[in-house]
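> A structural model of the following input is requested.
(2 chains)
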Amino acid sequence: MNLGERVRDDFPLLHRTINGKRLVYLDSAATSQKPRVVLDALMEYYHDYNANVHRGIYRIAEEATARYEESRAKLAAFLGAARREEIVFTRGTTEAVNLVAATWGRANVGPGDEIVLTIMEHHSNIVPWQLLAAEKGARLRYIPVTDEGRLDLSALDGLLTERTKLVSLTHQSNVLGTVNPVRLIADRAHAMGAKVLVDGAQSVPHQAVNVQALGVDFLAFSGHKMLGPTGSGGLWARYDLLEAMPPYHGGGEMIMLVTLERSTYKDPPHKFEAGTPNIADSIVLGVAADYLRGIGFDAITAHERDLTAYALERLRTVPGLTIVGPAEPVDRGGAISFTMDVVHPHDIAQVLDQEAMAIRAGHHCAQPLHRRFNIAATARASLHLYNTREEIDALVDGLHAVHRMFTRSPHPV
Amino acid sequence: MALDDLYREVILDHYQHPRNRGRLEPSDVSVEGANPLCGDELAFFLRLRDGRVQDVRFDGRGCSISQASASMMTDAIKGKTLDEVRALVAQFKGMMRGQEPSSDLGDLVALQGVRKFPVRIKCATLAWVALEQGLDEHAAGRPASTATTETEP
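Numbering: from 1, shown residues only, chains lettered A, B, ... in the order given. Here you go, the predicted structure:
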């Protein structure tokens, strides 16, 4: 039994039927399904020890605080962080990127400075930098993307200069599936004195990510794509950077002492966690990380690579289908985007929905990337550890049916 | 909820064999419509004579519903007076909001099935929103602009 078949029973939602058919969930790049241990842990928190953290002098508050900080330590270990204080809980990747832009960015980026991004970024790794650049008179530059869907590294020399303050790029594209050579780019950026942020939203759930091996300064990630609850996630940053960064939001929990004139702040990570945090979901994110580690990324990555290779091969049999992104299963993950010559992506998704198949259609929050390929939208099937070859077969059969439906000619004009 | 309600044969026919496709230059009314969320794009060109739509063309790309709706619309408005066209726009938009059409809408009735698929309603109305804006701009003597279903209430 392969991994997908072995773990399916852990995910109650995957047993749901729609129109009398078993759900085929192929939209994990948007959000992942949750294993029962995650659902149980959420219920357990509210059922047994719901209390605010870092303040109550009573039993359940101590329990909640201990579990919240224990989850931080789990995530630090999960990402290979040097210490647990390097993990700041956020609502997800988007908030983590915005946190860096609003704190480190405001303090370190000035007029004429440059921030280097890539054409394949998700809007959440473009818009915060546009806001910062507009405020500071800084300039954004973009690493181009080749026709195959890889970063054009030949452009790096021209893009990285002494004006570069930050390189911010995705580890794994949510559209193309491309896994970027982060270490290589980080070393080149550091040689120019720039800092490096990596968007790990699509990599952290699927491959063993070690922030120290990656050689970056910041990593943003989302809980809901790694089998955890929505509204959870975090920022990892080197401790010395966190120490030097000004606070993000002001409020309770992040202060040492408040007078009418001024305040002093707690040390990281608490300096960046104003107000009552998302206690339940942050605790349960640690449970999701435990589940992934329990299965092991060797097995997860191998299974997803097998599925991706199988899907890429089978999709070639569909008439008029073009893969947007690397066509070979090398340095790429299981987000597979495509177009069909005679059928718009929304129509593809609509017809597959009738067969209880969930795929995504649209620009996937990456309009500049779609513009690069001169298309308005793609259809995207994206995989996770719980998918199987049978589901790929169902997708391919469905796409053949879509093609037949939109090429049959009822009565030619 | 049957897929056949959405992809009626006449809709697939208009999608595969669009009527009045192309551009008219010069034209008396030209307007573009865009749905930035899904990337549907439409452009309409009308030539008027004696207050009637003498000729009409459309260009664009997008899903079957948006393109079929545009094709059917051009068929439906050709030869009509501007007042009749406006009445038809009101009828069509009303139908997509759930009202029963009071006059015979011909092939356009096929788009009624789209109502069962709420996320696709804007695909069907894009052409009509754009046409209405083009007529408004023509009446006011304003230059052409781009209409979008996103500003529709």
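> is stretch B:5-19 positioned near chain A?
Yes - contact of stretch B:5-19 with chain A (C-beta under 8 Å from any C-beta of the partner chain) involves B:6, B:7, B:9, B:12, B:13, B:15, B:16, B:17, B:19. All C-beta atoms are positioned from the backbone trio N, CA, C, and that covers glycine.
> please name the residues that touch the residue of the stretch 251-400 of chain A found nearest chain B.
When distances are taken as C-beta to the nearest C-beta, the stretch 251-400 of chain A reaches nearest to chain B at residue A:376, 2.4 Å away. For residue A:376, the contact set (C-beta atoms under 8 Å, 6 or more residues apart in numbering or on different chains) comprises A:363, A:370, B:38, B:39, B:40, B:41, B:61, B:62.
> gap between the fourth one and residue B:7?
Just to be clear, that refers to residue B:39. As judged by C-beta to C-beta, to the nearest Å, residue B:39 and residue B:7 stand 20 Å apart.
> quick one: buried residues of stretch A:15-35?
A:23, A:24, A:25, A:26, A:27, A:28, A:29, A:30, A:32, A:33, A:34, A:35 (16 or more other C-beta atoms under 10 Å in any protein chain shown).
> from the chain's centroid, how far away is the longest helix along chain B?
Identified as the longest helix of chain B according to DSSP state H is helix B:121-140. Going by C-alpha atoms, centre = their mean, to the nearest Å, the spacing between the C-alpha centre of helix B:121-140 and its chain's C-alpha centre is 7 Å.
> how about the residue most central in space within chain A, secondary structure?
Among the residues of chain A, the one closest to the centroid is residue A:201, at 1.4 Å (C-alpha atoms, centre = their mean). Assigned with DSSP: H, G, I helix; E, B strand; the rest coil, residue A:201 falls in the coil class.
> how close does it sit to residue A:224?
With C-beta to C-beta as the criterion, residue A:201 and residue A:224 are 10 Å apart.
> mutual contacts of these two, please.
residue A:92.
> quick one, what contacts whichever residue of chain B sits closest to chain A?
Of all residues in chain B, the one sitting closest to chain A is residue B:39 (2.4 Å; C-beta to the nearest C-beta). Residues in contact with residue B:39, defined by C-beta under 8 Å, 6+ apart, are A:362, A:363, A:370, A:375, A:376, A:377, B:61, B:62.
> okay, it and residue A:342: tell me how far apart.
16 Å.
> how about residue A:380?
For residue A:380, the distance to residue A:342 equals 19 Å [C-beta to C-beta].
> the two: which is more packed in?
residue A:380 (26 against 14; other C-beta atoms under 10 Å in any protein chain shown).
> what's around the residue in the stretch 101-250 of chain A that chain B sits nearest to, how many residues?
Going by C-beta to the nearest C-beta, chain B is nearest to residue A:123 of the stretch 101-250 of chain A, at 12.5 Å. Number of residues near residue A:123 (other C-beta under 10 Å) recorded here: 15.
> and the pLDDT at it?
Looking at residue A:123, its pLDDT is 97.
> can you show me the helices along chain B?
Using DSSP H, helices in chain B cover B:3-6, B:9-16, B:64-77, B:82-96, B:121-140.
> my guess is residue A:335 meets residue A:177, correct?
Yes - under the criterion of C-beta atoms under 8 Å, residue A:335 makes contact with residue A:177 at 4.3 Å.
> overlap in contacts of the two?
residue A:325.
> could you find the closest non-adjacent residue to the residue most central in space within chain B?
Centroid check for chain B by C-alpha atoms, centre = their mean gives residue B:127 as the closest residue, at 2.9 Å. Setting aside the residues directly before and after it, residue B:127 is nearest to residue B:70 in space (C-beta to C-beta, 6 or more residues apart in numbering or on different chains), at 3.9 Å.
> so the one you found sits right up against residue B:60, yeah?
Yes - using C-beta under 8 Å, residue B:70 is in contact with residue B:60, at 6.6 Å.
> more crowded one of these two?
Using other C-beta under 10 Å, the more surrounded residue of residue B:70 and residue B:60 is residue B:70, with 30 against 20.
> who are the contact partners of the more buried one?
For residue B:70, the contacting residues are B:18, B:42, B:44, B:58, B:60, B:126, B:127, by C-beta under 8 Å, 6+ apart.
> any idea of the pLDDT on residue A:413?
44.
> hmm, I typed the wrong one, I wanted residue B:105.
So residue B:105 comes in at 88 (pLDDT).
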